[in-house]
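1. curious how this folds, go ahead:
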Amino acid sequence: MKLKCSLIMEHFLKCLKDHRFVIPYCSRCGSPAWPPVEKCYNCMSKVKLKRIKVPQGHLIEHTTAYTICGPVIFGVIEILGIKLVGSLHPSTMPQVGMSVKMVNCGLSTDDTPFYEFE
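-> You can find the predicted model right below:
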């Protein structure tokens, strides 16, 4: 059974499916509403999605997972007041605080969001 999403979440997921990154912001106080919800966490006003054309942020922490296919670097990245978990390009030498840029985002085959950075 598939759960029904809010309109904001449906639009957010459609944008991700199209490889477009959007962040929901409050139309009144301007706070990011993350994870995406219909009403602002701070003032309960309506939320609108804003497209971020070249999402850039900084690395808060990182780890390496050693898989059958080789090592995969994951990090917690802060972008415009929200935190995401994403993978880092294999050539990245991760350092806490370094600037990173989102190079891809989307939904995997099981509809799980993914974010890739370099």
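
2. and Pro36, how far from Gly81?
-> 14 Å (C-beta to C-beta, to the nearest Å). All C-beta atoms are positioned from the backbone trio N, CA, C, and that covers glycine.

3. between these two, who's got more neighbours?
-> Pro36 (21 against 12; other C-beta atoms under 10 Å).

4. for that one, give me its contacts.
-> Taking C-beta atoms under 8 Å, 6 or more residues apart in numbering, we find Pro36 in contact with 6, 8-9, 12, 24, 47, 49.

5. who does the closest residue to Trp34 other than its chain neighbours form a beta bridge with?
-> Using C-beta to C-beta, 6 or more residues apart in numbering and skipping residues adjacent in sequence, the residue nearest Trp34 is Ile82, 4.1 Å away. Beta-bridge pairing of Ile82 under DSSP bridges involves Ile79.

6. how many other residues sit next to Ile82?
-> A count of nearby residues for Ile82, using other C-beta under 10 Å, gives 16.

7. quick one: pLDDT of it?
-> If you check Ile82, the pLDDT there is 95.

8. now the helices for this structure?
-> 7-17 (DSSP state H).

9. how near is the residue of it positioned farthest from its centre to Phe12?
-> Residue farthest from the centre of the chain, counting by C-alpha atoms, centre = their mean, is Ile68 at 26.0 Å. The gap separating Ile68 from Phe12 is 32 Å, by C-beta to C-beta.

10. in the protein, where's the longest strand?
-> strand 56-67 (DSSP state E).

11. and that strand, what does it pack onto?
-> strand 70-79, strand 82-88, strand 99-107 (3 or more C-beta pairs under 8 Å, 6 or more residues apart in numbering; DSSP states H and E).
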